[in-house]
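Trainee: below are the sequence and a predicted model for it; my questions follow.
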Protein chains: 2
Amino acid sequence: MNLKELSQILSLSQTTVSRALNGYPEVNESTRQRVVEAAREHGYAPNAAARRLATGKANAIGCVILIDNGGLDPQFLEFLAGVNEQAAKEKLDVVLASTDANGDEAAFRRLASHGQVDGIFLFAPGRSDPRIKLLEELDLPFIIYGGTPTSDTAFPHLDIDNDAAFNNAARLLTQMGHKRIALLNGVRSHAASAQREKGARRAMKAAKGDLPKTMVQHGDLSEVNGYEAAGKLLDGDQPPTALLCASLFAAMGAERAAVERGVEVGSGLSLIAHDDGFPYLKPETFRTPLTTTRAPLRKAGMRVAERLNARIKGTEKDPKAEIWPAELVLRASVGPPA
Amino acid sequence: MNLKELSQILSLSQTTVSRALNGYPEVNESTRQRVVEAAREHGYAPNAAARRLATGKANAIGCVILIDNGGLDPQFLEFLAGVNEQAAKEKLDVVLASTDANGDEAAFRRLASHGQVDGIFLFAPGRSDPRIKLLEELDLPFIIYGGTPTSDTAFPHLDIDNDAAFNNAARLLTQMGHKRIALLNGVRSHAASAQREKGARRAMKAAKGDLPKTMVQHGDLSEVNGYEAAGKLLDGDQPPTALLCASLFAAMGAERAAVERGVEVGSGLSLIAHDDGFPYLKPETFRTPLTTTRAPLRKAGMRVAERLNARIKGTEKDPKAEIWPAELVLRASVGPPA
DNA sequence: TTGCATTCTGAAAGCGCTTTGAACGGGACG
DNA sequence: CGTCCCGTTCAAAGCGCTTTCAGAATGCAA
């Protein structure tokens, strides 16, 4: 059932039927009733591709996902939940095109080629992420969540202030007297990792201290990885008295490593982690309630979708950067060093 | 830059350029070279909407998400990761259309209207999920993950054998001598919840026991919820000696509730949970390593994408149901009742 | 030379929608 | 009575691609 058939059934022109269905004012109300009725009755739904071709609008936003190994991480998924929620409000669909590191361009172009989506968002691109270059070549509205490789304001952009978050966290620890603070960071290529390290290091410097390379561990943010990295640190000859973790799961692992070694979290080892607001796991329910830097990733996703849509509609113009602060939420997992 | 312009630049017809780009055999190899070269040089990418309109193929699969409250759950996201991974292999995009419980049809039709996607998958529809009816009205290839409301074979369908999984788990417990076994289940409307309860109940019956209503808790599968539900059970006058949990997060909460009450997991309370294979949290790293029924949700997602694509291509025809077993993996969290 | 198959290329007809510009009645107004 | 305008409707063009069918050019056999 297409427009032509429907209009024939109604003995009307395609023009009128189209207008009636799309709410244009120049259609007699009784005619509109008749059309809407018939459309429902015959189960008519306009062909999306044809509409896109005619209007040039896709009513969809897209994301090219880099599947390196193991697929999506919970951070992206939490973010995506937000994007999706907002997109639903604005009646947009979300298109995901995946690609591995090499077959990159194809998926990107497939998505970006005009007509498929009206705009693109990127989640946490790496420092030299090839997708950014591609994004610039296209002239599609876009927005980036997470660190951009160059200046922060060069791109439309939203980020958590990871630097400030970990700077605050580290300062709290130095003020309590900690000298040996370690950092359990995300993967090295990730811009946020660099920001966190920078913030922590500055706080150490300010306290006449230091953050040696040996005190910084990189890896994916799983419990297992947190456990192993923390174990390595705790078994060193200069074990840290405090630990900053980039995620709740990593902190879980760190806690496990500590407990296993008879180290009490809070007194024997201070622990602070970043909390993305993952709703199924809360820092206050940790064995020792966990001090966190908190910034709800889902909200960020919603905001990204909102801004992207604003860019598509032309409401937002300049490459505005938006940096969100993370709250430092104090709980029992920090204390002065033993 | 569109096909017309490109063909003018090359002094060729649109036909030839189109054929050259799409790998048709009737184009002279040297011509093809020239075309491909020029396309890259001028950054030509075909308009997706036009191509769809012309071919009737979208090269995309879609999913309509029901956003009730709080958005997506980690199970769906893990599943989606799998779908996405497979879709990437088959060069398909994944389109997500969200909708809340009322504005349902609109998003559904938006997605389903011909030309947007070639097929649809549904994740774990509820027992009277309105989306299923809609799905049948359309004639689009589709496949359902998770329980279907009616007979299992009526729809193309993939599911974990939750019944068998929880039947096995409960049998193990009864064989060890447990009489009072409780179930920490997912939300009531969810088909999988019913399956789990059924399986567990059958095992109890077989052991001349019983699974009273008071021993079954429903709720979302978060840590907090697991904690509260388990607490309620443990504080009752007939506390269970064993607990079956529908998810790892719920089991974490249950463990916390037990520990808080001085109940040792394994000896004081046996614990078995279902493990979806979420890579950031492993059952073997629990305080007491957790016995699980395991079925990797990501793999299921991949398989669903694969089968959906087979249906689209016409390779798979009949409404085949595919039920995957869950392994019962024994760890220290179970033992005979005290 | 003609005939015929083979290889390459092109004109044009869709795909199903939106949207422009024009047409058609039927008051209202002078 | 003619004119103008408003409300309503329609025919047709166009969005950018694919694909059918036909045509041009070439090679080879008869």
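Mentor: Looks like it came in fine.
Trainee: how about the residue in the stretch 101-250 of chain A that DNA strand C sits nearest to: what's its closest non-neighbour residue?
Mentor: Ranked by CB to the nearest atom of the strand, the top residue of the stretch 101-250 of chain A for proximity to DNA strand C is A:Gly115, at 10.9 Å. In short, each C-beta sits where N, CA and C put it, glycine included. Spatial nearest neighbour of A:Gly115, chain neighbours left out: B:Ala49 (3.3 Å); criterion: CB to CB, 6 or more residues apart in numbering or on different chains.
Trainee: Provide a list of residues in contact with that neighbour.
Mentor: Residues in contact with B:Ala49 (CB atoms under 8 Å, 6 or more residues apart in numbering or on different chains) are A:49-50, A:52-53, A:58, A:114-116.
Trainee: next step: those restricted to helices.
Mentor: Among the contacts of B:Ala49, the members falling in helices (DSSP state H) are A:49-50, A:52-53.
Trainee: which parts of the stretch 101-250 of chain A are strands?
Mentor: A:119-123, A:142-145, A:157-160, A:181-185, A:216-218, A:242-245 (DSSP state E, counting those that start in this stretch).
Trainee: tell me which of those strands sits nearest to B:Arg127.
Mentor: strand A:119-123 (34.4 Å; CB to CB).
Trainee: what distance separates that closest one from the middle of the whole chain?
Mentor: 10 Å (CA atoms, centre = their mean, to the nearest Å).
Trainee: what parts of the stretch 101-250 of chain A come near chain B?
Mentor: A:106-107, A:109-116, A:137, A:221-224, A:227, A:249 (CB under 8 Å from any CB of the partner chain).
Trainee: contact partners for the closest residue to DNA strand D within the stretch 151-300 of chain A?
Mentor: Nearest to DNA strand D, among the residues of the stretch 151-300 of chain A, is A:Pro156, at 24.9 Å (CB to the nearest atom of the strand). Applying CB under 8 Å, 6+ apart, we find A:Pro156 in contact with A:142-144, A:307, A:311, A:316, A:319-321.
Trainee: for the residue sitting nearest the centre point of chain A, which non-adjacent residue is closest in space?
Mentor: In chain A, the centroid-proximal residue (CA atoms, centre = their mean) is A:Phe79; its distance is 4.1 Å. Nearest non-adjacent residue to A:Phe79, counting by CB to CB, 6+ apart: A:Gly301, 4.2 Å away.
Trainee: and that neighbour, how many neighbours?
Mentor: 27 (other CB atoms under 10 Å in any protein chain shown).
Trainee: winner for burial among the strands of the stretch 101-250 of chain A?
Mentor: Ranked by mean neighbour count under mean count of other CB atoms under 10 Å in any protein chain shown, these are led by strand A:242-245, which reaches a mean of 31.
Trainee: can you list contacts of it?
Mentor: A:166, A:169-170, A:173, A:178, A:180-184, A:196, A:200, A:226, A:230, A:233, A:251, A:254, A:269-274, A:334, A:337.
Trainee: now, those residues that are in helices?
Mentor: A:166, A:169-170, A:173, A:196, A:200, A:226, A:230, A:233, A:251, A:254.
Trainee: make a markdown table out of these and add pLDDT.
Mentor: Converted to a markdown table, these look like this (pLDDT from 0 to 100):
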| residue | pLDDT |
| --- | --- |
| A:Phe166 | 98 |
| A:Ala169 | 98 |
| A:Ala170 | 98 |
| A:Leu173 | 98 |
| A:Arg196 | 96 |
| A:Ala200 | 98 |
| A:Gly226 | 97 |
| A:Ala230 | 98 |
| A:Leu233 | 97 |
| A:Ala251 | 98 |
| A:Ala254 | 98 |
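Trainee: quick check, A:Asp118 in contact with A:Asp139.
Mentor: No. With contact defined as CB atoms under 8 Å, A:Asp118 does not count as touching A:Asp139 (12.0 Å).
Trainee: which one's more surrounded, those two?
Mentor: Ranked by neighbour count (other CB under 10 Å), A:Asp118 and A:Asp139 place A:Asp118 first, with 22 against 9.
Trainee: what residues does chain A put near DNA strand D?
Mentor: A:11-16, A:19, A:26-29, A:31, A:50, A:53-54, A:56 (CB under 7 Å from any atom of the strand).
Trainee: tell me which of these fall in strands.
Mentor: If you go by DSSP state E, these have nothing in strands.
Trainee: quick one: buried ones out of these?
Mentor: With burial judged by 16 or more other CB atoms under 10 Å in any protein chain shown, the buried subset of the residues of chain A next to DNA strand D is A:12, A:16, A:19, A:27, A:50, A:53.
Trainee: filter the residues you listed by proximity to DNA strand C?
Mentor: A:19, A:50, A:53.
Trainee: of the residues you listed, list those near chain B.
Mentor: Counting by CB under 8 Å from any CB, A:50, A:53 from those sit close to chain B.
Trainee: quick one: which of the ones next to DNA strand C among the buried ones among the residues of chain A next to DNA strand D is nearest DNA strand C?
Mentor: Distances from DNA strand C to those, taken by CB to the nearest atom of the strand, are shortest for A:Ala50, at 3.4 Å.
Trainee: from B:Ala97, how far out is that closest one?
Mentor: A:Ala50 is 18 Å from B:Ala97, where distance means CB to CB, to the nearest Å.
Trainee: please apply the same query to A:His218.
Mentor: Relative to B:Ala97, and taking CB to CB, A:His218 is found at 37 Å.
Trainee: now the ones next to DNA strand C among the buried ones among the residues of chain A next to DNA strand D as a markdown table including distance to B:Asp237 and pLDDT?
Mentor: Below are those laid out as a markdown table (distance: CB to CB, whole Å; pLDDT from 0 to 100):
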| residue | distance to B:Asp237 | pLDDT |
| --- | --- | --- |
| A:Arg19 | 69 | 95 |
| A:Ala50 | 66 | 93 |
| A:Leu53 | 68 | 92 |
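Trainee: export the ones next to DNA strand C among the buried ones among the residues of chain A next to DNA strand D to CSV and tack on distance to B:Met204?
Mentor: As requested, these are arranged in CSV below (distance: CB to CB, whole Å):
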residue, distance to B:Met204
A:Arg19, 63
A:Ala50, 57
A:Leu53, 60
